[in-house]
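A.B. asks: Sharing a sequence plus its predicted fold:
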Amino acid sequence: MPTLSEKRVFITGGSTGIGLAIATLLASEGARIFTCGRDQSALDEALASIRAAGGTADGATADLARADEIERIFTLSDEALGGLDILIKAGDAARRRHRRGDALRAHPAGAMRCGLAPGPPAPTTDLAE
């Protein structure tokens, strides 16, 4: 049976909603979690919740609609996890920008930048192995 034990997982938007639910579930299965969100108090509560589920978790605040923030958060993730096995994009910076009326920044490129972050590509993991 495949296991998530010690898998290094970065979940964007893991401080609330679906991102937090995913982080908590994967942590309960033994994954090491790094996550980010825009609000420090929500992030602190999320990290405590993930740890309470039995996992290890670290994170930082970031606005992933900004390219410089993406580079910074991936650097922090790498420092915390020592690499990356799984990346899950659960945040929705593009929709948030659109609601604020910033149509130019509502382009999906904000989400795509996460896949273009600097550094070597992470190896893929086939959980069916």
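C.D. replies: That came in fine, so what should we check first? Numbering: from 1, shown residues only.
A.B. asks: In this model G13 seems to touch L87, though I could be wrong.
C.D. replies: No: in this structure, L87 is not within contact of G13 by CB atoms under 8 Å, at 11.9 Å. C-beta: built from backbone N, CA, C; applies to glycine.
A.B. asks: Neighbour count for these two, which is higher?
C.D. replies: More neighbours surround G13 than the other of L87 and G13, with 23 against 16 (other CB atoms under 10 Å).
A.B. asks: tell me the SS of I11?
C.D. replies: strand (DSSP: H, G, I helix; E, B strand; the rest coil).
A.B. asks: Look up which residues are beta-bridged to it.
C.D. replies: On the basis of DSSP bridges, I11 is bridged to T35, I88.
A.B. asks: What segments of the protein are helices?
C.D. replies: Using DSSP state H, the helices assigned to the chain run over residues 17-28, 40-52, 67-81, 93-99, 109-115.
A.B. asks: Quick one: those as CSV, columns for mean pLDDT, distance to V9 and mean neighbour count too.
C.D. replies: Shown next, in CSV, are these (pLDDT from 0 to 100; distance: least, CB to CB, whole Å; neighbours: other CB atoms under 10 Å):
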stretch, mean pLDDT, distance to V9, mean neighbour count
helix 17-28, 95, 6, 20
helix 40-52, 96, 10, 17
helix 67-81, 93, 8, 17
helix 93-99, 47, 19, 16
helix 109-115, 49, 14, 15
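A.B. asks: a markdown table for those helices, including distance to T3?
C.D. replies: Output for the helices of the chain, formatted as a markdown table (distance: least, CB to CB, whole Å):
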| stretch | distance to T3 |
| --- | --- |
| helix 17-28 | 11 |
| helix 40-52 | 18 |
| helix 67-81 | 17 |
| helix 93-99 | 32 |
| helix 109-115 | 26 |
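A.B. asks: what about those, which gets the closest to D58?
C.D. replies: Evaluated over the helices of the chain, closeness to D58 peaks at helix 67-81, with 4.3 Å, by CB to CB.
A.B. asks: Using CSV, list the CA coordinates for that closest one.
C.D. replies: Extracted in CSV, the C-alpha atoms of helix 67-81 (Å, rounded to 0.1, in the frame of the first residue of the first chain):
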residue,chain,number,x,y,z
ALA,A,67,6.2,37.0,-8.4
ASP,A,68,8.7,38.1,-5.8
GLU,A,69,6.6,36.4,-3.1
ILE,A,70,6.5,33.1,-5.0
GLU,A,71,10.3,33.0,-5.2
ARG,A,72,10.5,33.8,-1.4
ILE,A,73,8.0,31.2,-0.4
PHE,A,74,9.5,28.4,-2.4
THR,A,75,12.9,29.3,-0.8
LEU,A,76,11.3,29.0,2.6
SER,A,77,9.6,25.8,1.7
ASP,A,78,12.9,24.3,0.5
GLU,A,79,14.6,25.4,3.7
ALA,A,80,11.8,23.9,5.9
LEU,A,81,11.4,20.6,4.0
